[in-house]
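S.K.: Fold the following for me, if possible:
(2 chains)
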2 protein chains.
Amino acid sequence: MTVPATSAADLKSESVRSLYDQLIVRLKDLTHLNGISGILQWDQEVMMPKKAARARAAQLSTLAGVKHEKKTSPVLGALLEELERRRNNEDLSAVLNPYELANIHLAQQDYKEETVLPSEIVKAIAALNSKAVVAWVEARKESDFSKFAPYLEDQVKILRQKVAYMIQGGVCEEARKINEKARTSLGLTETDECYKGYYQVLLDGFEPGFKDDRLQALFSDLKENLVPLIAKIQAKDFQHDNSYIVADFDIKQQTEFTQRISKHIGFDTDAGRLDVSTHPFTGGAHPTDVRMTTRYTVDNFKEGITATVHETGHSLYEQGRSKEYRDTPVSRSLSLGVHESQSLLWERMVMLSKPFWTYALPLLKEQFTDHQTLQDITVDQFYNAFNRVKPGFIRFQADEVTYPMHIILRYEIEKALIEGDIQVADVPALWNSKVKEYLGLEVPEDSVGCLQDIHWSSAAIGYFPTYTLGSIYAVQIFGAAKEAIPGLEEHLAKGEFHVLKEWLNKNVHEQGSLRESGDELVFDLTGKHLDSSLYVKYLTEKYTAIYDL
Amino acid sequence: MTVPATSAADLKSESVRSLYDQLIVRLKDLTHLNGISGILQWDQEVMMPKKAARARAAQLSTLAGVKHEKKTSPVLGALLEELERRRNNEDLSAVLNPYELANIHLAQQDYKEETVLPSEIVKAIAALNSKAVVAWVEARKESDFSKFAPYLEDQVKILRQKVAYMIQGGVCEEARKINEKARTSLGLTETDECYKGYYQVLLDGFEPGFKDDRLQALFSDLKENLVPLIAKIQAKDFQHDNSYIVADFDIKQQTEFTQRISKHIGFDTDAGRLDVSTHPFTGGAHPTDVRMTTRYTVDNFKEGITATVHETGHSLYEQGRSKEYRDTPVSRSLSLGVHESQSLLWERMVMLSKPFWTYALPLLKEQFTDHQTLQDITVDQFYNAFNRVKPGFIRFQADEVTYPMHIILRYEIEKALIEGDIQVADVPALWNSKVKEYLGLEVPEDSVGCLQDIHWSSAAIGYFPTYTLGSIYAVQIFGAAKEAIPGLEEHLAKGEFHVLKEWLNKNVHEQGSLRESGDELVFDLTGKHLDSSLYVKYLTEKYTAIYDL
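M.R.: Model (predicted):
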């Protein structure tokens, strides 16, 4: 696995194939190291004894240093530079296939992103994150925004510095254009402060290739259509009975039931594990070693099954990644939004549907034979109870109709913050007014308002939109599956999930990062770009029926 | 954590303290990487899904490469060289304390061992181990030594090459002397083959600083005294009833009971975990993150409690390592033998004693209230049943009287093999004749004879003696504890284990690798070198009483 140290000059005489092979050896080494980080992080959440926190932090920090060295190694740089020179002078596609070309492209992007930041800023970001998360935990506990505000100010400042380096370093051409245009139209010079386009860079970090102006348009459309839909449901002043779901469900039996469902959907327990943690997540080391977690609530059956099916969707993506290009960048998931589409497709399009419960309700009744009320429930009743809509303060507890509003308000605030249109001090009032406008609720305190999420404290600005992009992708990808698979709903009603899983394996999971954006993937699958109206249509039809609107 | 790249010339102007501090930064980085390996290995045995084996091997191989790079880095070499130059010219103990001096010494040894072997031989050893273990599994399954013999021949050859490099590189002065003496007395030239002293190098890898001629003497004495003792017990033709131990014990209840005992002994569950695996072991990442495993047998209560207490002994050593010198070499365990002494001290001196069961038998009866026969058993009866002596073929199932014979025969064979006194083909017959001589048994087939252990297939020649060194250390260290702690046995009978644990923490665990050998530690604790007669005395007195000899 060792590549002899090479200088750019030595490489000039080598074939493209040989350069590519040398590149791949180095990229696979990085994949292995990332896999190790994945296991350490999983272990930290699920297995690690509590006194080990400090030692684990030191291990992860050493490993991060090792990865940074490998990611920025001069030999890697020389290989990529030479491949770029060849690309400019000859037709690489005569020698390399599209997956191999994508590997070079992704490796070049990664290298640029890793080398463009001075190491002082990388360290400063890591140090700030540790402190800011601690401050956020404290601030949320006391519902006191002033305790978090200084850290959020620092996050905004340091993120702007980071973005400036990235724009200068040519990491995000789109952002550079936006910024230049804004400067021209405002008559600003190069030394004037102007943060327009900065959000685009952050968004790119989570949803590569997705343009912020398209996001803006999608979100405006959703807002315009969903606010009235939510109001209409609220106006009905009616709820389906869900008492048989919020009754007591023994945890051990819930575990058995959800494990059975997860396996039946297609989770390969020989290539992964399902455990329990405080916050459900999917991680791990490799397509053959996927670690997902869930959590159970004794007095609410819906939470455990929802978390399990959601994470199973993520896990199927990971387990389904390309075998042929395993351990190389092209096999990795395309974006956070596309990843979320796979969890939401199984959670919402499948698990929240009548066909699913036609299959699963008899199994549930079998599992909980002692649960008397449940025994008499019909699929329709169960379906209605599982699909209650009710505006609330907390994002992660929201139903699929109100969820986008939580995301849109965060998007609007974080973008305005980073681009300098509002100040940190404005956040709580602005948050509360948006919750009132979009969801019709009065926020009683910041702990259930602008302090509820960890994201901003850990510099994850630009992350929130991927949740809602994921739900739009999910609707369109499921639509494509329905067209491609005759009788899909009948299959689901019989528990024949493999037909859907295999289609997703082929059309989404194995495609990896071959394309440049999730939008491109959706276009290739459906002939349409990402389209909020399809999502609005799905919600409107579904909830018009459920609430008799 | 970054140390600026330094050349030996630059270092000449730096203070010893500054050189030492730079060294420690690098050594701690290595400790963190070793911790990561520890978690990956634990995960592999306890948690990993089976399809992940190949990916895990790739991760471990990449990590091994990273560690090798760091261990052999020229900057580390320059630091050590400069510290050695200073040591020759000035009195370092004016600036550094004994722990710090030990750190330099250990780092120099490690560096020498890591750099003395050409990378081809390191790779060849790794490759052979993988193949040889597979062949051994197959050979044992079919009880066919001929399937393993060629691999054992290769192991012997490659180990001899490795040892030759190590002697040449000055890693083991003792071995060089033995070899030179043998060549002189046999009239051999430098080009003649002569493997005398080679075993010393291998022994040093597991039991640093322990001389092979001392080992030879200890083992001769044990053989001389234990063979008659075993024969005497056999001649009694009597066994204590143990039917209440080999009855059915529910696994869940066994787990509860042994976890309780382990915690009571002093295992800190906030700084470690106890899980189940096929082969019990203690590993993990750090004194704050010790991972031990055990296994339970439903129809034999003794196996689960023995494995758990044994591994708890190992874990206490790990958890008890010096906080002040944490993450540096001096805090690591002194040798495999000393590590084994800690597991055997708790297993044999404590768990197999009457005081222990005076405390634990009532708890056991409480745990298994439904176990009728057990309810009427006295501590004496239980003690006798737990201490049955019976020669058998399998080493890891052996009692404390016959166990040393298993080790001695392996020592005699592996030493003769490596030093060229016998051939691989001689092994089975020699093994069987020694089993007959030492234990009075006829080996029916090689699967329960010379093919039973994994060690030789994975090049662990020189490892076996540490098991028996550990049991001698254990007797002497426990003797020292008894002298130091008034009424120790009364404390144990009341379950006041902390008095013993704290004494071991201070006198063994926190001492780490401050001394050069386990023998030196025992001498400092007891005023006596390692002494087989004390071990013989312990066994003779104990079993004379049990078997009324």
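
S.K.: When you work out contacts or count neighbours from here on, use the C-alpha atoms and nothing else.
M.R.: Will do.

S.K.: Distance check, residue A:403 against residue A:470.
M.R.: Separation of residue A:403 from residue A:470 (C-alpha to C-alpha, to the nearest Å) stands at 12 Å.

S.K.: for residue A:534, same thing?
M.R.: 13 Å.

S.K.: Excluding covalently adjacent residues, which one is nearest to residue A:494?
M.R.: residue A:359 (5.5 Å; C-alpha to C-alpha, 6 or more residues apart in numbering or on different chains).

S.K.: Next, count neighbours for the one you found.
M.R.: 18 (other C-alpha atoms under 10 Å in any protein chain shown).

S.K.: SS state for it?
M.R.: helix (DSSP: H, G, I helix; E, B strand; the rest coil).

S.K.: By mean pLDDT, point me to the weakest helix or strand of chain A.
M.R.: Sorting the helices and strands of chain A by mean pLDDT, DSSP states H and E puts helix A:8-11 at the bottom, at a mean of 77.

S.K.: next helix or strand past that one?
M.R.: helix A:16-46 (DSSP states H and E).

S.K.: And the average pLDDT for the very next helix or strand once past that following helix is what?
M.R.: Downstream of helix A:16-46, the next assigned helix or strand under DSSP H and E is helix A:53-71. Helix A:53-71 shows a mean pLDDT of 94.

S.K.: Dump the C-alpha coordinates for the helix or strand following helix A:53-71 into PDB.
M.R.: Counting by DSSP H and E, the next helix or strand C-terminal to helix A:53-71 is helix A:74-89. What follows is helix A:74-89, C-alpha atoms only, in PDB (Å, rounded to 0.1, in the frame of the first residue of the first chain):
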ATOM      1  CA  PRO A  74       2.500  17.100  -1.300                       C
ATOM      2  CA  VAL A  75       2.600  13.800  -3.200                       C
ATOM      3  CA  LEU A  76      -1.200  13.700  -3.300                       C
ATOM      4  CA  GLY A  77      -1.100  17.400  -4.500                       C
ATOM      5  CA  ALA A  78       1.500  16.500  -7.200                       C
ATOM      6  CA  LEU A  79      -0.600  13.600  -8.500                       C
ATOM      7  CA  LEU A  80      -3.700  15.800  -8.700                       C
ATOM      8  CA  GLU A  81      -1.900  18.600 -10.300                       C
ATOM      9  CA  GLU A  82      -0.500  16.300 -13.000                       C
ATOM     10  CA  LEU A  83      -3.900  14.700 -13.600                       C
ATOM     11  CA  GLU A  84      -5.300  18.200 -14.000                       C
ATOM     12  CA  ARG A  85      -2.500  19.100 -16.500                       C
ATOM     13  CA  ARG A  86      -3.300  15.900 -18.500                       C
ATOM     14  CA  ARG A  87      -7.100  16.800 -18.500                       C
ATOM     15  CA  ASN A  88      -6.300  20.100 -20.000                       C
ATOM     16  CA  ASN A  89      -4.100  18.500 -22.700                       C
END
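
S.K.: after helix A:74-89, next one along is what?
M.R.: Moving toward the C-terminus from helix A:74-89, the next helix or strand (DSSP H and E) is helix A:98-115.

S.K.: Which secondary structure elements does that following helix sit against?
M.R.: helix A:53-71, helix A:74-89 (3 or more C-alpha pairs under 8 Å, 6 or more residues apart in numbering or on different chains; DSSP states H and E).

S.K.: and the last one, what other elements does it pack with?
M.R.: Under the contact definition 3+ C-alpha pairs under 8 Å, 6+ apart, helix A:74-89 sits against helix A:8-11, helix A:16-46, helix A:98-115.

S.K.: which parts of the stretch 201-350 of chain A sit against chain B?
M.R.: Listed as neighbours of chain B in the stretch 201-350 of chain A under the rule C-alpha under 8 Å from any C-alpha of the partner chain: A:269, A:270, A:271, A:272, A:273, A:286, A:288, A:289.

S.K.: Distance check, the third one against residue B:60.
M.R.: Think residue A:271. In terms of C-alpha to C-alpha, residue A:271 sits 18 Å off from residue B:60.

S.K.: tell me, what residue is most central in chain A?
M.R.: Centroid-nearest residue in chain A: residue A:336, 3.3 Å away (criterion: C-alpha atoms, centre = their mean).

S.K.: That residue contacts residue A:206, doesn't it?
M.R.: Yes: counting by C-alpha atoms under 8 Å, residue A:336 touches residue A:206, with 5.7 Å between them.

S.K.: Give the residue spans of chain A that score low on pLDDT.
M.R.: Scanning chain A for pLDDT under 70 picks out A:1-8.

S.K.: For it, which segments count as strands?
M.R.: A:272-276, A:282-286, A:289-294 (DSSP state E).

S.K.: any chance of the ones you listed in TSV, plus distance to residue B:485 and mean neighbour count?
M.R.: As requested, the strands of chain A are arranged in TSV below (distance: least, C-alpha to C-alpha, whole Å; neighbours: other C-alpha atoms under 10 Å in any protein chain shown):
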stretch	distance to residue B:485	mean neighbour count
strand A:272-276	45	20
strand A:282-286	49	23
strand A:289-294	48	26
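
S.K.: Save those as CSV, and put in distance to residue B:324 too.
M.R.: As requested, the strands of chain A are exported to CSV (distance: least, C-alpha to C-alpha, whole Å):
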stretch, distance to residue B:324
strand A:272-276, 35
strand A:282-286, 34
strand A:289-294, 36
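
S.K.: which one of those strands lies closest to residue A:152?
M.R.: Closest to residue A:152 of these, according to C-alpha to C-alpha: strand A:282-286, at 27.5 Å.

S.K.: ok, residues contacting that closest one?
M.R.: A:32, A:34-39, A:42, A:290-293, A:311, A:314-315, A:318-319, B:52, B:55 (C-alpha atoms under 8 Å, 6 or more residues apart in numbering or on different chains).

S.K.: what's the overlap in contacts for residue A:336 and residue A:206?
M.R.: What both residue A:336 and residue A:206 touch, as defined by C-alpha under 8 Å, 6+ apart, is the set residue A:466.

S.K.: quick revisit: who touches the residue nearest to residue A:494 in this structure?
M.R.: Going by C-alpha under 8 Å, 6+ apart, residue A:359 touches A:492, A:493, A:494, A:495.

S.K.: Just want to know which of residue A:534 and residue A:470 has more residues nearby.
M.R.: Between residue A:534 and residue A:470, residue A:470 has the larger neighbour count (other C-alpha under 10 Å), namely 22 against 15.

S.K.: Contacts only, for the more buried one.
M.R.: A:336, A:337, A:338, A:339, A:340, A:341, A:342, A:344.
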